[in-house]
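S.K.: mind looking at a prediction? Sequence and model below.
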Amino acid sequence: MGTPPMQQAVELRGKAASQGIFTGPVVALGDTAVVFRKAGNPTIERAALNAAIATAVAAIRSLATDNTGDSADILEFQIAMLEDPELRDRALAAIARGSSATAAWWDALEREVSVYANSSEDAFSARAADLRDIRDRVLRALSGEARTYPERGCILLGDDLPPSLFLETDWSQGGAIALRQGSTSSHVAMLARSRSVPMVIGLGPDWPENCKFAIVDGTAGLVLAAPPPELIAAYAARSVAETASRDADGEFLLRPARLQDGRHMDVLVNIVSVEELAQIQPQSCDGIGLVRSEFLFRDGAALPNEEEQYLVYRAMLEWSGDRPVTVRTLDVGGDKPLRGLTTDDGGVLGLRGVSLSLQRPDVFCIQLRALARAAVHGNLKIMLPMVSVVQELEQSAQLLESCVMNLQAEGTACAKPPLGIMVEVPAVAIAPEIFAAAAFFSIGTNDLTQFIMARSRAEVDVPDTVEAVHPALFRLIANVARCGKDNGIPVSLCGELAGNAKYLKQVVAAGITSLSVPPNALARVKATLARI
């Protein structure tokens with residue numbers, strides 16, 4: 001008689017957010033059951049909301065005393081949002097019109113949550129969890145309900161996970177996170193990576209009924225529900241092997257990146273917030289290759305002023321020392337709406353990136369002035385997103401020159417940083433030579449891939465199709481690299497492809513010598529390059 005076939009687990013594919021493997025019981029996180037108060041006297045409802053917000057702030061401050069570094073920064077960020085008069089005033093205005101405190105707070109936050117959650121850009125969708133977190137904490141304070149905490153050593157399953165719940169969870173006996181939605185750039189994903197908690201996002205709604213045990217493979221972006229004993233044993237062995245492999249990769253983290261023949265590769269890091277720097281050793285990278293500056297711009301809130309932006313950019317430069325820091329100017333519009341600034345609803349092909357900034361020179365010049373002021377504190381570069389025609393580069397250069405001249409006339413210390421472009425529109429990748437006036441090219445493979453494949457990278461249900469690298473993409477990368485070499489223009493790669501070890505050999509073969517990758521990919525990328 002032959003060996004009986006192995007029982008099949010239910011395979012759920014998502015996206016890797018934090019590496020590692022964990023096998024254990026599943027604890028489903030329930031949605032917040034909103035008990036709406038009856039609308040009463042506006043004075044009483046207003047007092048109730050103010051008291052609930054104060055209770056929420058006090059609870060987060062208490063939690064912050066037990067956390068340091070990035071964890072404390074995240075909690076302080078939540079406190080700042082709760083104390084934001086924009087959100088509070090919106091709810092208080094609804095109370096004045098007759099709403100209950102519960103309904104007013106829910107409506108004020110839900111509008112913000114929906115805008116962020118529906119964005120295809122990780123840097124935007126990441127904020128949805130923070131907003132839900134403070135929304136629900138105030139709602140619990142209004143209803144008098146206490147939060148329930150999951151047991152130790154389990155897999156937390158939900159649509160998303162509030163960062164404060166992560167910090168209140170005991171991870172001493174291991175655990176993992178499996179989310180139907182979520183973002184790799186969220187605060188909870190940052191926390192999971194910093195504490196080596198495996199995490200998979202974007203699993204979708206189809207969790208098997210009555211499944212109480214699973215394997216989370218945070219490296220492959222895979223969850224195996226109801227696994228048989230044989231599979232559990234196989235993953236236990238793989239977990240040991242992966243730990244050993246990560247430890248081996250970790251030896252490369254603080255070394256310069258080199259190919260097998262000794263040639264140097266620049267490996268920089270992508271960041272989505274200044275708080276993320278607390279988790280990264282400056283010596284582990286050759287600088288910051290991509291700062292997504294849109295994290296400074298909160299939907300519906302007042303746009304950040306020059307001083308606010310300057311202080312953030314300066315902090316990044318001081319962290320980086322003499323290493324370069326490349327700041328991408330505001331990349332919103334199209335499928336990344338920002339109320340108060342964008343009005344277009346044309347989806348991914350709508351008005352966005354540098355073309356939108358040029359239509360709002362009042363906003364653009366504030367950012368350029370802040371960048372020019374910060375440039376005196378380090379090696380700053382400015383990168384324009386979604387460039388498609390030469391005129392956008394020329395007009396941006398003129399605005400930057402004007403901003404620098406005005407600052408000098410005011411007696412304000414400043415410098416004019418080099419101005420480069422993102423290569424993420426196929427027209428630019430096909431004919432990069434017409435953009436020879438750019439100080440540098442940075443190939444953004446995320447948008448470039450979706451444009452040449454005619455498929456949105458936001459479609460979570462077809463990750464293999466979107467992530468698969470078409471030969472046309474490497475031809476375009478090689479074309480840009482060749483143009484850069486011929487014209488003395490530095491070329492880097494900063495999309496997700498740069499951090500994918502599976503494709504690095506092809507990236508190097510295409511002529512790329514500079515990569516900008518997510519923080520958690522630094523060691524793996526350096527170790528992989530050493531074998532090429």
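M.R.: Here it is on my side, so go on.

S.K.: my guess is Phe451 contacts Ala429. True?
M.R.: No. Phe451 is not in contact with Ala429 according to Cβ atoms under 8 Å; the separation is 9.2 Å. Glycine gets a C-beta too; all of them are placed from N, C-alpha and C.

S.K.: how about the strands in the stretch 201-350 of the chain?
M.R.: Counting by DSSP state E, counting those that start in this stretch, the stretch 201-350 of the chain has strands at residues 213-217, 222-225, 266-271, 288-292, 324-328.

S.K.: what of the stretch 401-532 of the chain?
M.R.: So, for the stretch 401-532 of the chain - with DSSP E, counting those that start in this stretch - the strands run 419-423, 441-443, 491-493, 514-517.

S.K.: dump these to TSV, plus distance to Asn41 and mean pLDDT.
M.R.: Formatted as TSV, the strands of the stretch 401-532 of the chain follow (distance: least, Cβ to Cβ, whole Å; pLDDT from 0 to 100):
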stretch	distance to Asn41	mean pLDDT
strand 419-423	54	97
strand 441-443	57	97
strand 491-493	60	98
strand 514-517	56	96
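
S.K.: which element, helix or strand, includes Ile366?
M.R.: helix 361-374 (DSSP states H and E).

S.K.: to Gly221, which of the strands of the stretch 401-532 of the chain lies closest?
M.R.: Among those, the nearest to Gly221 by Cβ to Cβ is strand 514-517 (16.7 Å).

S.K.: show me what that closest one packs onto, helices and strands only.
M.R.: The helices and strands touching strand 514-517, judged by 3 or more Cβ pairs under 8 Å, 6 or more residues apart in numbering; DSSP states H and E, are strand 266-271, strand 288-292, strand 491-493.

S.K.: next one: the last one to chain centre, how far?
M.R.: Yep, that's strand 491-493 we're talking about. Counting by Cα atoms, centre = their mean, to the nearest Å, strand 491-493 is centred 20 Å from the centre of its parent chain.

S.K.: try the first one
M.R.: With Cα atoms, centre = their mean as the basis, the distance from the averaged C-alpha position of strand 266-271 to the chain average is 14 Å.

S.K.: what pairs with it, parallel or antiparallel?
M.R.: Note on strand 266-271: by DSSP bridges, its sheet partners are strand 288-292 (parallel), strand 514-517 (parallel).

S.K.: pLDDT averaged over the first one - what is it?
M.R.: This means strand 288-292. The average of the pLDDT scores along strand 288-292 is 94.

S.K.: got the contact list for that strand?
M.R.: Contact partners of strand 288-292, identified using Cβ atoms under 8 Å, 6 or more residues apart in numbering, comprise 123, 268-272, 313, 316, 320, 323-328, 331, 383, 442, 492, 494, 514-517.

S.K.: give me the domain ranges for this structure.
M.R.: Annotated domains of the chain cover 10-29+150-243, 42-143, 251-529 [automatic domain parsing].

S.K.: tell me the helices and strands packed up against the longest strand along the chain.
M.R.: Identified as the longest strand of the chain according to DSSP state E is strand 21-28. Counting contacts by 3+ Cβ pairs under 8 Å, 6+ apart, strand 21-28 packs against strand 155-158, strand 176-179, strand 213-217, helix 229-250.

S.K.: quick one, which of these is packed in tightest?
M.R.: Of all the helices and strands packed on strand 21-28, strand 176-179 has the most neighbours on average by mean count of other Cβ atoms under 10 Å, namely a mean of 27.

S.K.: the strand or helix carrying Leu393: how far from the chain's middle?
M.R.: Assigned by DSSP H and E, Leu393 belongs to helix 390-410. In terms of Cα atoms, centre = their mean, the centre of helix 390-410 is found 29 Å from the chain centre.

S.K.: report the buried residues of it.
M.R.: The neighbour-count check on helix 390-410 (16 or more other Cβ atoms under 10 Å) flags 390, 392-393, 395-397, 399-400, 403-404, 407 as buried.

S.K.: can you check stretch 133-152 too?
M.R.: Result for stretch 133-152 [16+ other Cβ under 10 Å]: buried residues 133-143, 150.

S.K.: reformat the residues you listed as CSV; add distance to His187.
M.R.: CSV is the format used below for the buried residues of stretch 133-152 (distance: Cβ to Cβ, whole Å):
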residue, distance to His187
Asp133, 9
Ile134, 12
Arg135, 15
Asp136, 15
Arg137, 14
Val138, 18
Leu139, 20
Arg140, 19
Ala141, 21
Leu142, 24
Ser143, 25
Pro150, 18
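
S.K.: turn the residues you listed into CSV, columns for distance to Val480 and pLDDT.
M.R.: What follows is the buried residues of stretch 133-152, written out as CSV (distance: Cβ to Cβ, whole Å; pLDDT from 0 to 100):
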residue, distance to Val480, pLDDT
Asp133, 41, 86
Ile134, 43, 87
Arg135, 44, 87
Asp136, 46, 87
Arg137, 47, 88
Val138, 49, 90
Leu139, 50, 88
Arg140, 51, 86
Ala141, 53, 87
Leu142, 54, 86
Ser143, 56, 82
Pro150, 47, 74
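
S.K.: which of the residues you listed fall within helices?
M.R.: Those of the buried residues of stretch 133-152 mapping onto helices are 133-143, per DSSP state H.

S.K.: could you point out which element follows the helix holding Ile366?
M.R.: From helix 361-374, the next helix or strand downstream (DSSP H and E) is strand 379-384.

S.K.: average pLDDT for that following strand?
M.R.: 98.

S.K.: that strand pairs with which strands?
M.R.: strand 324-328 (parallel), strand 419-423 (parallel).

S.K.: so of these, which one's packed in deepest?
M.R.: strand 419-423 (a mean of 26).

S.K.: coming back round to it: which of the ones in helices among the buried residues of stretch 133-152 sit farthest apart?
M.R.: Across those, the longest distance by Cβ to Cβ is 16.1 Å; it joins Asp133 and Ser143.

S.K.: on that earlier part again, more neighbours: which of Phe451 and Ala429?
M.R.: Ala429 (25 against 18; other Cβ atoms under 10 Å).

S.K.: count of residues packed around the nearest residue to the more buried one once chain neighbours are set aside?
M.R.: For Ala429, ignoring the flanking residues on the chain, the nearest one in space by Cβ to Cβ, 6 or more residues apart in numbering is Leu476 at 4.0 Å. Neighbourhood size, Leu476 [other Cβ under 10 Å]: 23.

S.K.: what do you get for Ala220?
M.R.: Residues near Ala220, counting by other Cβ under 10 Å, number 15.

S.K.: how about Thr329?
M.R.: Thr329: 22 neighbours (other Cβ under 10 Å).

S.K.: that one and Asn305: what is the separation?
M.R.: The gap separating Thr329 from Asn305 is 16 Å, by Cβ to Cβ, to the nearest Å.

S.K.: what's near enough to touch Ala72?
M.R.: By Cβ under 8 Å, 6+ apart, Ala72 lies in contact with Ala64.

S.K.: regarding it, what is its secondary structure?
M.R.: helix (DSSP: H, G, I helix; E, B strand; the rest coil).

S.K.: from Ala58, how far out is it?
M.R.: Distance from Ala72 to Ala58, counting by Cβ to Cβ: 16 Å.

S.K.: residue nearest the middle of this protein, spatially speaking?
M.R.: Most central in the chain under Cα atoms, centre = their mean is Ser185, positioned 2.6 Å from the mean C-alpha point.

S.K.: what about it, helix or strand, and which?
M.R.: Using DSSP H and E, no helix or strand contains Ser185.

S.K.: hmm, back to that, rounded mean pLDDT for the longest strand of the chain, please.
M.R.: On average, strand 21-28 scores 91.

S.K.: ok, residues contacting the following helix or strand past that strand?
M.R.: Using DSSP H and E, the helix or strand that follows strand 21-28 in sequence is helix 42-64. Helix 42-64 is contacted by residues 37, 39, 71-72, 75-76, 78-79, 82-83, 88, 91-92, 95-96, 98-101, 104-105, 134, 137-139, 141-142, 164, 167-168 when judged by Cβ under 8 Å, 6+ apart.
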